[in-house]
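Please find the sequence and the predicted model below.
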Amino acid sequence: MREPAQRVAVVVKGWPRLSETFIAQEVLGLERRGLKQLVVSLRRPTDKAVHDLNKAVAAPVLYLPEYLHDDPTRVLRGVWRALGRPGLWRALAAWLADLARDPTRNRVRRFGQACVLAAELPADVAWLHSHFLHTPASVTRYAALIAGLGWSFSAHAKDIWTSPDWELRGKLGSATWGVTCTAMGHRHLESLAPDHGRVELLYHGLDFARFPDTPPARPPRDGSDADDPLRLLTVGRAVEKKGIDLVLDALARLPADLSWRWTHIGGGERLPDLKAQAERLGLTGRVEWLGARAQDAVIAAYAAADLFILPSRQAKDGDRDGLPNVLMEAQALGLPCLATRMAAIPELIEDGATGVLVPPDDAPALAAALESLLRDPARRAALAAGGAERVRGAFGCDRGIDRLMVRFAESLAAESLAATTR
């Protein structure tokens with residue numbers, strides 16, 4: 001008798017990616033709990049460095065053709081095999097309805113990738129799961145329909161806020177279940193779902209075993225010693241929603257008597273513009289651009305800093321953060337945080353108790369809060385202690401991964417039972 005299928009295919013946009021430690025953490029955590037997985041990536045990796053988290057994952061990776069013309073033989077083979085499957089017509093109907101609303105080459109590419117995925121799924125894969133509700137979920141949905149399998153999703157931030165409601169409704173109606181990592185995102189998805197409870201709130205949190213213990217109090221620097229400047233840090237991709245240009249504007253507004261150095265870690269398409277902005281503002285000698293770095297280098301930067309700054313905002317296309325992992329990481333390592341009342345950040349930071357929040361897109365307010373914190377090491381220490389206690393007490397990853405393990409076990413069991421009755 002054939003063994004029941006017991007593997008989950010996890011569909012991601014790219015693997016590995018430095019900016020998505022939360023996905024690698026989840027895949028590894030589920031793997032260590034006994035879930036067999038296949039990672040399916042829509043893109044080849046572009047980052048030069050690789051997190052140790054990704055290196056620790058044993059699951060094999062299936063790379064789909066990023067563009068259909070990259071491997072036309074493989075795409076044609078996938079389409080040919082799909083023609084013999086009853087689910088193709090359901091997938092085709094869903095795709096044509098989507099294509100009528102979004103007549104783009106990207107939509108065509110998603111269907112081609114889905115045909116390849118459905119054709120190349122190993123026989124022991126019984127469930128599909130997508131990280132993000134935009135492109136990966138489209139490929140996952142079409143492939144699940146072709147293959148006659150159930151699917152689920154993890155929704156995060158950009159995928160929720162830049163996808164049109166009609167598309168989200170279609171995916172929420174097609175998926176068996178889903179999770180999302182902020183209360184704000186949960187409310188929005190629940191309002192679009194066909195029934196209550198289709199989407200569950202699960203903070204992804206942190207695996208504190210990957211981080212050193214919260215360090216003792218930092219040196220009480222107050223910016224008065226030019227030989228021992230305050231060390232400021234921002235970690236985040238150089239994209240509009242991270243507000244890194246606001247950091248530079250705020251730094252330029254600081255009084256001349258304050259001694260500081262600011263470091264940015266992260267890649268992104270706006271880096272050349274930001275470096276030019278820093279030069280225009282006369283900050284070049286006091287800022288450092290490290291580019292993308294692996295987790296160990298980021299942890300070392302947290303340990304060396306006195307204050308973490310992340311002035312998130314809503315981008316012009318609607319994109320915004322969810323609950324930035326870097327804020328949780330910084331706080332877990334005893335680093336006080338200055339951020340904005342934006343997205344799900346207030347779900348993590350209580351203003352004045354576990355960090356400081358200012359309005360988004362307000363450089364003067366950011367500069368005022370920054371100066372106040374830089375001159376007051378005792379306040380920074382109190383905020384650091386409060387933030388570390390809150391994060392380590394309420395934002396561990398184990399609860400969420402344990403819950404996902406239950407959901408996947410239930411889904412695999414249901415699929416196995418259904419397979420015996422077909």
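Received it, and whenever you're ready, just let me know what you need. Numbers count the residues shown, from 1 in each chain.

which residues in the stretch 1-150 of the chain form strands?
Counting by DSSP state E, counting those that start in this stretch, the stretch 1-150 of the chain has strands at residues 7-14, 36-43, 61-63, 125-131, 150-155.

How far off centre is the second one?
Put simply, strand 36-43 sits 16 Å off its chain's centre (CA atoms, centre = their mean, to the nearest Å).

any idea of the angle it forms with strand 125-131?
Angle, strand 36-43 to strand 125-131, by axes from the mean of the first three to the mean of the last three CA atoms, to 10 degrees: 50 degrees.

what ranges do the helices span in the stretch 51-200 of the chain?
If DSSP state H, counting those that start in this stretch is used as the criterion, the helices of the stretch 51-200 of the chain fall at 52-56, 72-83, 87-101, 105-120, 135-147, 158-161, 165-174, 183-192.

Make a markdown table out of those and add distance to Tyr302.
Placement of C-beta: from N, CA and C, glycine included. Formatted as a markdown table, the helices of the stretch 51-200 of the chain follow (distance: least, CB to CB, whole Å):
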| stretch | distance to Tyr302 |
| --- | --- |
| helix 52-56 | 16 |
| helix 72-83 | 43 |
| helix 87-101 | 42 |
| helix 105-120 | 37 |
| helix 135-147 | 30 |
| helix 158-161 | 24 |
| helix 165-174 | 35 |
| helix 183-192 | 26 |
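
what about stretch 77-86, average pLDDT?
Per-residue pLDDT over stretch 77-86 has a mean of 94.

swap that for stretch 345-353, sorry
Over the span of stretch 345-353, the pLDDT mean works out to 96.

where are the low-confidence patches of the chain?
1-5, 420-422 (pLDDT under 70).

Can you get me a residue count around the closest residue to Arg81 other than its chain neighbours?
Nearest residue to Arg81 in three dimensions, chain neighbours excluded: Ala119, at 4.1 Å (CB to CB, 6 or more residues apart in numbering). Using other CB atoms under 10 Å, Ala119 is surrounded by 19 other residues.

Hmm, Val10 is touching Val39, no?
Yes. Here Val10 reaches Val39: they are 5.4 Å apart, a contact under CB atoms under 8 Å.

Look at the two and report which has more neighbours.
Taking neighbours as other CB under 10 Å, Val10 and Val39 compare with Val10 leading, 26 against 22.

distance of Thr140 from Gly112?
14 Å (CB to CB, to the nearest Å).

Compare these two (neighbour count), which wins?
Thr140 (31 against 23).

Distance of Thr214 relative to Ala382?
Remark: distance between Thr214 and Ala382 (CB to CB) = 14 Å.

what about those two, which has more around it?
Neighbour comparison, Thr214 and Ala382: the larger count goes to Thr214, with 18 against 15 (by other CB under 10 Å).

Name the SS class of that one, please.
coil (DSSP: H, G, I helix; E, B strand; the rest coil).

max-length helix in the chain?
helix 398-421 (DSSP state H).

what distance separates it from the middle of the whole chain?
Centre-to-centre, helix 398-421 and its host chain are 23 Å apart (CA atoms, centre = their mean).

now swap in stretch 365-379 and tell me
29 Å.

cool, stretch 57-77 as well?
23 Å.

cool, stretch 127-136 as well?
Taking the mean of its C-alpha atoms, stretch 127-136 sits 13 Å from the chain's own mean (CA atoms, centre = their mean).

re the thing from before, could you single out the most deeply buried of the helices of the stretch 51-200 of the chain?
Per-stretch averages of neighbours, counted by mean count of other CB atoms under 10 Å, single out helix 135-147 among the helices of the stretch 51-200 of the chain, with a mean of 27.

what angle do that one and helix 87-101 make?
Inter-element angle recorded for helix 135-147 and helix 87-101: 150 degrees (by the same axes, to 10 degrees).

Tell me what angle helix 135-147 forms with strand 7-14.
140 degrees.

what's in contact with helix 135-147?
11-13, 42, 64, 82, 85, 87-88, 90-91, 94-95, 98, 106-107, 110-111, 113-115, 117-118, 121, 128-130, 150-151, 153, 159, 167, 170-171, 174-175 (CB atoms under 8 Å, 6 or more residues apart in numbering).

Please apply the same query to stretch 248-262.
Here stretch 248-262 makes contact (CB under 8 Å, 6+ apart) with 223-226, 228-234, 247, 274, 277-278, 281-283, 286-288, 309, 311, 363-364, 366-367, 370-371, 374-375.

one more time with 6 Å, if that's ok
Residues outside stretch 248-262 that contact it (CB atoms under 6 Å, 6 or more residues apart in numbering): 223, 226, 229-232, 277-278, 281, 283, 286-287, 363, 366-367, 370-371, 374.

what about dumping the CA coordinates of that stretch to CSV?
What follows is stretch 248-262 as a C-alpha-only set of coordinates in CSV (Å, rounded to 0.1, in the frame of the first residue of the first chain):
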residue,chain,number,x,y,z
LEU,A,248,18.8,61.8,7.8
ASP,A,249,16.5,64.8,8.0
ALA,A,250,16.3,64.4,11.8
LEU,A,251,20.0,63.9,12.2
ALA,A,252,20.6,67.1,10.3
ARG,A,253,18.4,69.0,12.7
LEU,A,254,20.4,67.9,15.8
PRO,A,255,22.3,70.6,17.7
ALA,A,256,26.0,70.9,16.8
ASP,A,257,27.1,70.2,20.4
LEU,A,258,25.8,66.6,20.2
SER,A,259,28.4,64.0,19.3
TRP,A,260,27.0,60.9,17.4
ARG,A,261,27.6,58.4,14.6
TRP,A,262,24.8,56.7,12.7
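
residues of it that come out buried?
Leu248, Asp249, Ala250, Leu251, Leu254, Leu258, Ser259, Trp260, Trp262 (16 or more other CB atoms under 10 Å).

Relative to Tyr203, how far out is the second one?
Here the distance between Asp249 and Tyr203 works out to 31 Å (CB to CB).

same deal with the fifth one?
Between Leu254 and Tyr203 the distance, using CB to CB, works out to 34 Å.

again with the fourth one
When CB to CB is the yardstick, Leu251 and Tyr203 sit 31 Å from each other.

for the third one, same thing?
Counting by CB to CB, the gap from Ala250 to Tyr203 is 29 Å.

chain center to stretch 349-364, what's the gap?
From the chain centre to the centre of stretch 349-364 is a distance of 22 Å (CA atoms, centre = their mean).

what residues are up against Ala292?
Taking CB under 6 Å, 6+ apart, we find Ala292 in contact with Leu18, Asp47, Gly267.
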